[in-house]
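*Asks:* Any chance you can model this:
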Amino acid sequence: MLAVFASLLVRVFLALPPVVIMVLTGIALIPALTSAIENMLSEKSERDAALVEVKALFARRASKPQTT
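*Replies:* Residues are numbered from 1 along each chain as shown. Next up, the predicted model:
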């Protein structure tokens, strides 16, 4: 049934402003991110290493200039 409306759905999605598309994709990623964080912090013995890795990742990301 979804295949019948796929072309229309793609056209509507592509007609949206880029900011709206970014917001929608960000919202869609929330469950995956929360699951990954939950799995990362579940093992008590590896929790500190996981947090250090995340901090390093965000520090590298923040130091790079953003391009649009």
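
*Asks:* who touches A49 in this structure?
*Replies:* Not one residue lies near A49 by C-beta atoms under 8 Å, 6 or more residues apart in numbering. Where C-beta positions appear, they are placed from N, C-alpha and C, glycine not excepted.

*Asks:* Mind telling me what element it is part of?
*Replies:* helix 47-63 (DSSP states H and E).

*Asks:* And for I21?
*Replies:* helix 18-42.

*Asks:* Relative to V12, how far out is the most centrally placed residue in the chain?
*Replies:* By C-alpha atoms, centre = their mean, the chain has its centre lying nearest to L29, at 4.1 Å. Separation of L29 from V12 (C-beta to C-beta, to the nearest Å): 21 Å.

*Asks:* Can you pull out the low-pLDDT segments for this protein?
*Replies:* Of all residues in the chain, those with pLDDT under 70 make up the ranges 66-68.

*Asks:* and if we set it to 90?
*Replies:* Applying pLDDT under 90 to the chain picks out residues 1-5, 9-10, 13-14, 33, 36-37, 39-47, 50-51, 53-54, 57-68.

*Asks:* I30 and D48: what is the separation?
*Replies:* I30 is 25 Å from D48, by C-beta to C-beta.

*Asks:* Can I get the helix holding A49 in PDB? Just the C-alpha atoms.
*Replies:* Output of helix 47-63 as PDB, limited to C-alpha atoms (Å, rounded to 0.1, in the frame of the first residue of the first chain):
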ATOM      1  CA  ARG A  47      31.700   3.000  31.700                       C
ATOM      2  CA  ASP A  48      34.600   5.300  32.300                       C
ATOM      3  CA  ALA A  49      36.300   4.400  29.000                       C
ATOM      4  CA  ALA A  50      33.100   4.900  27.100                       C
ATOM      5  CA  LEU A  51      32.600   8.300  28.600                       C
ATOM      6  CA  VAL A  52      36.200   9.300  27.700                       C
ATOM      7  CA  GLU A  53      35.700   8.200  24.200                       C
ATOM      8  CA  VAL A  54      32.500  10.200  23.800                       C
ATOM      9  CA  LYS A  55      34.200  13.300  25.200                       C
ATOM     10  CA  ALA A  56      37.000  12.900  22.700                       C
ATOM     11  CA  LEU A  57      34.600  12.400  19.900                       C
ATOM     12  CA  PHE A  58      32.700  15.600  20.700                       C
ATOM     13  CA  ALA A  59      36.000  17.500  21.200                       C
ATOM     14  CA  ARG A  60      37.100  16.500  17.700                       C
ATOM     15  CA  ARG A  61      33.800  17.400  16.300                       C
ATOM     16  CA  ALA A  62      33.700  20.800  18.000                       C
ATOM     17  CA  SER A  63      37.200  21.600  16.800                       C
END
